[in-house]
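1. coords below, sequence missing:
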């Protein structure tokens, strides 16, 4: 089993090998994630409203 000190040295070593994205590459990815998140939030909100409406109509139809 590796010691914590050796483990941390290896973590730092791997961290230096990572190719971090430049700011010009990062902004389009951030915008894409935000747009997708907003789209999914709107879609799920509409789906939830429709499901709530259907459930309330079923309750009314069956005397709930």
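-> Structure received. All figures in this text were calculated on a predicted structure; none of them were measured in a lab. Numbers count the residues shown, from 1 in each chain.
2. low-scoring stretches of the protein, by residue?
-> Along the chain, segments meeting pLDDT under 70 span 1, 64.
3. Which parts of it are strands?
-> Here the chain has no strands by DSSP state E.
4. what comes into contact with stretch 26-41?
-> By CB atoms under 8 Å, 6 or more residues apart in numbering, the surrounding residues in contact with stretch 26-41 are residue 21. Every residue, glycine included, has its C-beta placed from N, CA and C.
5. What are the buried residues along it?
-> Of the residues in stretch 26-41, none count as buried by neighbour count, 16 or more other CB atoms under 10 Å.
6. Report the central residue of the protein.
-> residue 37 (7.1 Å; CA atoms, centre = their mean).
7. Sketch out the helices for this structure, chain order is fine.
-> Counting by DSSP state H, the chain has helices at residues 4-17, 23-61.
8. Relative to residue 60, how far out is residue 31?
-> Distance, residue 31 to residue 60, by CB to CB, to the nearest Å: 44 Å.
9. What of residue 2?
-> The value you get for residue 2 to residue 60, if CB to CB is used, is 65 Å.
10. again, but for residue 5
-> Applying CB to CB to residue 5 and residue 60 gives a distance of 68 Å.
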